[in-house]
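A.B. asks: Here is my input; please provide its structure:
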Amino acid sequence: MITQLNIFVGLLITLAIVLFVIGIFGIKYKREQYKNP
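C.D. replies: Residues are numbered from 1 along each chain as shown. Predicted coordinates for the structure are as follows:
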């Protein structure tokens, strides 16, 4: 039970980090597009 909970929390943290990184790269990419249409 505890092991399953730890795995679930680990997956949530990993997913949050991945979405955060994708969001940062997405904003940078959009800014580059606006600078160089």
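
A.B. asks: How far away from the center of its chain is the helix or strand harbouring L12?
C.D. replies: Using DSSP states H and E, L12 falls within helix 2-35. The chain centroid and the centroid of helix 2-35 are separated by 1 Å, computed with CA atoms, centre = their mean, to the nearest Å.

A.B. asks: I'd like to know which elements it is packed against.
C.D. replies: Where contact means 3 or more CB pairs under 8 Å, 6 or more residues apart in numbering; DSSP states H and E, helix 2-35 is not packed against any helix or strand. Using the backbone N, CA and C atoms, a C-beta is placed for each residue, glycine as well.

A.B. asks: can you pull the buried residues of it?
C.D. replies: Neighbour counts over helix 2-35 (16 or more other CB atoms under 10 Å) mark no residue as buried.

A.B. asks: Mean confidence (pLDDT) on it, please.
C.D. replies: Averaging pLDDT along helix 2-35 gives 91.
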